[in-house]
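**Q** sequence-free structure coming up:
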């Protein structure tokens with residue numbers, strides 16, 4: 001089945017098709033207003049962190065980048081907090097008026113898994129982007145002294161570090177472990193494949209942040225997230241239509257085995273399923289294009305990544 005749409009504001013337009021093993025409705029390459037075909041292949045990664053092991057997580061990232069590059073991808077988008085980890089289900093021993101010793105130890109390990117920006121892990125990610133000749137959007141946990149931030153890092157195919165975006169408003173209990181971004185890093189990078197920007201998870205539901213990105217002319221809007229619910233697709237579709245931009249969202253796909261076993265790591269929910277194969281986060285890759293039906297992929301069997309043409 002083919003879908004076609006007319007002229008729209010961005011100059012980079014998408015012909016979308018997933019790699020083998022994924023399902024997506026393909027469309028013909030569209031033509032920009034200037035009459036020049038503009039096709040970009042992008043990969044949206046759905047994969048889990050190796051918890052409390054940053055070096056191995058970076059090894060995993062490189063394997064995924066190599067695979068994405070083998071499909072000819074020019075842009076690769078990783079999930080929120082891929083390096084450092086999204087501590088889903090943990091409360092870090094915090095209740096009103098009390099913090100437990102076990103929770104403090106858990107935070108110590110989490111803090112140790114975060115990375116400095118700039119730092120050696122940033123250098124390694126830049127080297128990967130250069131090695132595989134891709135633009136890279138990577139979710140990390142940034143360490144600045146004793147404070148952690150949920151951050152996105154941007155890299156170019158020449159192995160250069162372009163800059164970062166710090167999550168302005170952590171969601172709910174995230175505010176216990178992550179600091180607040182100050183709004184000074186809301187970049188949109190003008191690149192040969194289009195103007196690339198990003199917002200993290202529920203930041204995408206902050207109208208003024210979106211407006212700031214639209215004002216900078218964002219064309220490829222990246223939205224790494226930790227939200228695997230169906231309603232997330234509605235937000236991504238709305239942003240594509242509202243901003244006249246192409247939206248790529250990546251979420252981690254995690255099973256219980258991807259987290260440390262209890263008692264080292266215990267989910268808040270009493271029904272914590274200790275089956276190693278039980279799905280903790282079902283992933284979810286969204287690719288929403290202006291005036292075109294979105295694609296929504298939730299993985300419930302294994303981690304994959306999605307490759308599409310922009």
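**A** Yep, that arrived. What you see is a predicted model; the values in this text were computed from it and never measured.
**Q** from here on, just use CA atoms for contacts and neighbour counts.
**A** OK.
**Q** now for the host helix or strand of residue 69, which elements pack on it?
**A** Residue 69 belongs to helix 54-70 when assigned by DSSP states H and E. Judged by 3 or more CA pairs under 8 Å, 6 or more residues apart in numbering; DSSP states H and E, helix 54-70 is in contact with helix 120-132.
**Q** packing partners for the helix it packs on?
**A** helix 54-70, strand 147-155.
**Q** in the very next helix or strand once past it, which residues are buried?
**A** For helix 120-132, the succeeding helix or strand toward the C-terminus, using DSSP H and E, is strand 135-144. Judged by neighbour count (16 or more other CA atoms under 10 Å), strand 135-144 contains these buried residues: 135-143.
**Q** what does stretch 197-212 give?
**A** For stretch 197-212, a neighbour-count test (16+ other CA under 10 Å) marks 197-204, 209-210 as buried.
**Q** and for stretch 113-132?
**A** Neighbour counts using 16+ other CA under 10 Å place 113-115, 117, 121-122, 125-132 of stretch 113-132 among the buried residues.
**Q** these into TSV, with extra columns for pLDDT?
**A** TSV is the format used below for the buried residues of stretch 113-132 (pLDDT from 0 to 100):
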residue	pLDDT
113	97
114	98
115	98
117	97
121	98
122	98
125	99
126	98
127	98
128	98
129	98
130	98
131	98
132	98
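**Q** return the member of the buried residues of stretch 197-212 nearest to residue 255.
**A** Closest to residue 255 out of the buried residues of stretch 197-212 is residue 201 (20.1 Å), distances taken as CA to CA.
**Q** quick one: that closest one from residue 146, how far?
**A** 23 Å (CA to CA, to the nearest Å).
**Q** same question, residue 108
**A** From residue 108 to residue 146 the distance is 10 Å (CA to CA).
**Q** what of residue 87?
**A** For residue 87, the distance to residue 146 - CA to CA - is 17 Å.
**Q** can you name the residues in contact with stretch 217-224?
**A** Residues from elsewhere that reach stretch 217-224, judged by CA atoms under 8 Å, 6 or more residues apart in numbering: 10-12, 77-80, 137, 139, 188, 194-201, 204, 244-251.
**Q** what's near enough to touch residue 138?
**A** Applying CA under 8 Å, 6+ apart, we find residue 138 in contact with 77-80, 82-83, 152-154.
**Q** most neighbours among these, which one is it?
**A** Tallying neighbours with other CA atoms under 10 Å puts residue 79 at the head of these, with 34 neighbours.
**Q** how would you label that one: helix, strand or coil?
**A** coil (DSSP: H, G, I helix; E, B strand; the rest coil).
**Q** surely residue 53 and residue 113 touch.
**A** Yes - Residue 53 is within contact range of residue 113, at 6.5 Å (criterion: CA atoms under 8 Å).
**Q** name the residues contacting each of the two.
**A** Taking CA under 8 Å, 6+ apart as the contact rule, residue 53 and residue 113 both touch residue 84.
**Q** so which of the contacts of residue 138 is the closest to residue 176?
**A** For the contacts of residue 138, the nearest to residue 176 is residue 80 (17.2 Å; CA to CA).
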